[in-house]
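>>> The sequence isn't on hand, but the structure is:
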């Protein structure tokens, strides 16, 4: 398995590529473009899907471009699907100064669903709080956490659909993951569950 992070210029959002057996998924394509296609081509990897951990513009900005260049479908939690199509919900008017949208999702992901990436199994965890349909992707030894969990911090809850109580419930669930799980967040540096249990005030 190969997991590669591309940090984009748009709010330093992390875009992740996971490849196994020459099959790939791209998670949260924000401002990454040709560099990503070159990366996939060098590894002779076929893009199976574009997955959004949630629908804010800094995580979906390149959905349209990437789909046009690869034909890959967009997968998102059903509760997040309106965010792809609504500039007010996805915050594009506020962040970019202009309304932007994404193509609609071709598949809705559900809590506990397993995504087969070659011989690799990735499990979908529905972790609402930052937004209603926020998800994390749990693989063997790693977690792509979107904007649910950051190094020493967590996602904001003051955007449309945010909820402090639901985020607390989601974080409680993440606290129960193996301590050595490597966390790859939507912004900032990678960390581990063990480190966050010690240093993150929101997980105490």
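Structure received. Being a predicted model, the structure only gives us computed values, none of them experimental.

>>> drop to CA atoms for contacts and neighbour counts, all remaining ones
OK.

>>> Helices of this structure, residue ranges please.
Remark: helices assigned in the chain by DSSP state H are 34-42, 57-60, 63-70, 81-85, 92-95, 164-175, 193-199.

>>> Out of those helices, indicate the one that is most buried.
Mean neighbour count (mean count of other Cα atoms under 10 Å) peaks for helix 57-60 among the helices of the chain, with a mean of 28.

>>> For that one, give the mean pLDDT please.
The pLDDT scores in helix 57-60 average 97.

>>> For the helices of the chain, please prepare TSV with the additional fields distance to residue 122.
As requested, those are exported to TSV (distance: least, Cα to Cα, whole Å):
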stretch	distance to residue 122
helix 34-42	19
helix 57-60	19
helix 63-70	21
helix 81-85	21
helix 92-95	29
helix 164-175	15
helix 193-199	18
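
>>> Point to the residue nearest the middle of the protein.
Geometric centre of the chain, nearest residue: residue 53, 3.1 Å, by Cα atoms, centre = their mean.

>>> which residues touch the residue lying closest to residue 44 once chain neighbours are set aside?
Once flanking residues are discounted, residue 44 sits nearest to residue 22: 6.2 Å by Cα to Cα, 6 or more residues apart in numbering. By Cα atoms under 8 Å, 6 or more residues apart in numbering, the contact list for residue 22 reads 43-46, 118.

>>> Residue 138 versus residue 22, what's the distance?
Separation of residue 22 from residue 138 (Cα to Cα, to the nearest Å): 19 Å.
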